[in-house]
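# This is a predicted model, with the sequence first.
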Amino acid sequence: MSTISEHKKISQYGNVPNLVQDGLVERWVRSAKRWWPFYLMLAPGIIYFFVYHYMPIWEARIAFEQLRIIPPNVWVGLQHFAALASSPIFLQVLLNTVIISVMKLVFVFPVPIIVALLLNEVRTPGYRKIVQSVIYLPHYLSWVVIGGITIAVLSPTDGAVNDIISWMGFQPVPFMTDAGSIRWVVVFSEMWRSAGWDSLLYFAAIIGINPELYEAAEIDGAGRWQKIRHVTIPSIAPTIATLFILNVGLFFSTGLDQILNLTNPVIRSQIDIVDTYVYRIGLQTGQFELATAAGLLKGFVGMVLIVAAHLASKRLTGKGIW
Amino acid sequence: MPYNVSRRLVLKTGAAAALLASTILSGPASAAPVTIRVALKDFLSTDPTAVAYVAQVEKAMAKRGHDIHIELVDLPSSGYADALGIMLLSRDIPDLIYFQGGDEKFASQGVLEDWRPYIEKTKYLKNALYPHNKARLDNYPYLLYVHPLRAWQPVVREDWLKKAGAKPPETTKAFAALLRTLHEHDFDNDGTKNTWGITAAGSLEELDGFLNPAFGIDATWLKDEEGAWVNSQISDEERDKLKYYHQLFKDGLLDPEYITLNWQTKEDKFYTGRAGVVSASNAENVVTYETKMRALHPDVSLTVLDPPLGPKGQGLAAVDVSKESRGWALSALSEHKQEVVALLDFMASPEGQFMERLGVPGIHYKKEGDQIKPLAALGSWESPFLVASNYDPPIELLPASAEKYIDNTQRYFLADNKFSYPPEYAAALDAATNVYNAFAYELVSGKANFDQWDDYVAQWKSSGGSQLTEYAKQVLK
């Protein structure tokens, strides 16, 4: 009703050009007048993203320049990209990044979903809250702390894990210096830190499922497992698909802080990723152009992956992020 | 007539106004202090001690006719070098900048001033330099770090050394014997023999610091039998040294977890009796070890050991004189270069050094008549600007162990032939160093054996080592 009256009101401006009368601008003005308090609330977010996420895109041009403190910068084309590619270990670094990313997608991504499903099955609200609080806790710890805990727990001389291994009659394993173990240490420490917190979104999605669906399933004789399989999982599938696609987009961002706190010279070749390499070669030596080139490359690959995953998801499940 | 009067009045009023204006304008302008912006790690405008220190420096400078205001640029302690680099790249360049690496890029673009002509004209600063400062300034004149040399030296508890019944070890064999005694006894009386002879934080660089010359590694680039330059990382001398480390590791004398330790966990092992010997990187570090050790064991003193004599010599690792790895830079864009130099010259003077060494009265020390009484805070005070080589403080500031540390650095000073690589060699240097670090641990821990040495050398060369060697040939001639 109000929309019609507003339309009539605006139509009184008979001599206003068509663009304003019927076009996007008219609709935007109308919408702004009507919803201005919401736009006002949205403004800080928009300003934040514009200043910190969009304006820097223009500065990314230094990936193609030699940065001069005293302007102007010198255009060098793809020189920094060529320097990255010509590094004797860059291929190994790329390979490590892909391996660790795939491991995290395969082994870490499903865990919060399982945790959320399990939490939903806990029937005592008090107990559920305690469990939730405990599993969210690691998210608040920095990687410096988690790195220290991981190294202490996995110590071959007095770490808890190796104490158990020795108690079971096996030889202690030097996890932190063993090339075969270190990537698993990265995956499991990530899992420990993020599984609880990441389950929050899935758990919220589960809570939002219409209870009538469960009641109907119960009437049809479905047990717990069948309700999970035929009601819960299909209902949260859009959330899973969206988060999976977003995770794919972050494929090359495998965790600078984490690796820096878990690495040592012996196993560096196994877990040296694009981010750590760029940090050493680019930032620590002041070669910001090189670091920007690597960041741009990462961003480009991430964008390609996210679009590809979105299209694949659309085709397979009918759901994507747009 | 009225016109004349009025004109005279206007002229007089105008003259008076001009005089007043010139007084107002010129008076305050000449009195306004020159603001010098200073970027220094852990010295922030939010720290009351730093603010008090700066105030006393400004006051003393004003007495000397330099009316300056020191504006501290606040940068985070964690990631200081990165934050500084980003700040400079955004063209916000303080007058006086403390670098902890990453300075070469700015020097190469002409943003940093050559210190030498300025130092030459100073009264005190030029005489405050150490020999290594002069050598480094000749090679790279953009950074100035007037502090005693930094070199790794072994430190042990004095009471444990006595309990071991050993004199300070003079040879590599005696050093290993001391480590064995520390390992095989329960000197900390905790009921278990859980003390490693020696530990280190993350690499064996700390041991190299006092054992390299013992095995003939007296420079980064050595000459092989045919007279060709070879990097010490792939030299026969290095192999012999790693064999010695391997024996320490095998006998349980070298902490097997050294590779995963950081500075804090290493210190913790030392204070809690799980490591007998650790290395100190500078004199303040020795003081810190001693202070923290005494917090836990009040009667314990520390001893700095001499570098042991080995099959091919004795001494501390050769010192890189290609450039300062950290230190002060003068901005070429600064409009107050002379004032900045005057500030450093004052800090090098006896009055400035008194402040640098003793801090702020009432916070770090107090005067009772002619006597200077140190206060507890003096233990954690570090000279913000410089420690002149030619100044003796009025009271004993360092414990005997730290004094010995400084004496040893002077006594065993040996200049390295290390040089800086151009930026395009960064990837090769990184790759070759990674290969060395990984293989050195594998050899020491016994995961690899010494028969694989040739494979390692080949891998080091193919990972960028050959490129580095070619460049070294051009530089060293």
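Nice, I can see it.
# use CA for all of it now, contacts and neighbours both
Noted.
# Flag every buried residue along stretch A:57-64.
With burial defined by 16 or more other C-alpha atoms under 10 Å in any protein chain shown, the residues of stretch A:57-64 counted as buried are A:62, A:63, A:64.
# scratch that, stretch A:311-322
Of the residues in stretch A:311-322, those with enough neighbours to count as buried (16+ other C-alpha under 10 Å) are A:311, A:313, A:319, A:320, A:321.
# Ignoring the adjacent residues along the chain, who's closest to the first one?
Which is residue A:311. Nearest residue to residue A:311, sequence neighbours excluded (C-alpha to C-alpha, 6 or more residues apart in numbering or on different chains): residue A:320, at 7.2 Å.
# Can you verify that neighbour is assigned to a strand?
No. Secondary structure assignment places residue A:320 outside any strand; it is coil (DSSP: H, G, I helix; E, B strand; the rest coil).
# can you map out the strands along the stretch 101-250 of chain B?
Secondary structure of the stretch 101-250 of chain B, counting by DSSP state E, counting those that start in this stretch: strands at B:153-157, B:196-198, B:221-223, B:229-231.
# Chain B: which of the buried residues of stretch A:311-322 is nearest?
Of all the buried residues of stretch A:311-322, chain B sits closest to residue A:321, with 35.1 Å by C-alpha to the nearest C-alpha.
# Check what pLDDT residue 289 gets.
Going with chain A. In this prediction, residue A:289 carries a pLDDT score of 88.
# To clarify, I was referring to chain B.
What the model reports as pLDDT for residue B:289 is 94.
# That one and residue B:300: what is the separation?
When distance is defined by C-alpha to C-alpha, to the nearest Å, residue B:289 is 11 Å away from residue B:300.
# Who has more neighbours out of those two?
Set side by side, residue B:289 and residue B:300 show more neighbours around residue B:289, with 21 against 15, by other C-alpha atoms under 10 Å in any protein chain shown.
# quick one: the host helix or strand of that one to strand B:153-157, angle?
Element membership of residue B:289 [criterion: DSSP states H and E] is helix B:283-296. Helix B:283-296 and strand B:153-157 are oriented at 20 degrees to each other (axes from the mean of the first three to the mean of the last three C-alpha atoms, to 10 degrees).
# what's the distance between whichever residue of the stretch 301-450 of chain B sits closest to chain A and residue A:40?
Using C-alpha to the nearest C-alpha, the closest approach of the stretch 301-450 of chain B to chain A is made by residue B:438 at 4.2 Å. In this view, residue B:438 and residue A:40 are 56 Å apart by C-alpha to C-alpha.
# Who has more neighbours out of those two?
Neighbours per residue, other C-alpha under 10 Å: of residue B:438 and residue A:40, the larger number sits with residue B:438, 18 against 12.
# what helix or strand is the more buried one on?
Using DSSP H and E, the secondary-structure element containing residue B:438 is helix B:426-445.
# Torsion angles phi and psi at residue B:69?
Note on residue B:69: its backbone torsions stand at phi -120, psi 120 [degrees, to the nearest 10].
# Tell me who's in contact with the residue nearest to the spatial centre of chain B.
Residue closest to the average C-alpha location in chain B (C-alpha atoms, centre = their mean): residue B:150, at 5.9 Å. Contact criterion C-alpha atoms under 8 Å, 6 or more residues apart in numbering or on different chains gives B:281, B:282, B:283, B:409 as the residues in contact with residue B:150.
# Those into a markdown table, with extra columns for pLDDT, neighbour count and distance to residue B:87?
Written out in a markdown table, the entries for those read as follows (pLDDT from 0 to 100; neighbours: other C-alpha atoms under 10 Å in any protein chain shown; distance: C-alpha to C-alpha, whole Å):
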| residue | pLDDT | neighbour count | distance to residue B:87 |
| --- | --- | --- | --- |
| B:281 | 94 | 16 | 29 |
| B:282 | 91 | 20 | 29 |
| B:283 | 90 | 24 | 31 |
| B:409 | 93 | 22 | 35 |
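# Looking at the buried residues of stretch A:57-64, which is nearest chain B?
For these, the nearest to chain B is residue A:62 (11.4 Å; C-alpha to the nearest C-alpha).
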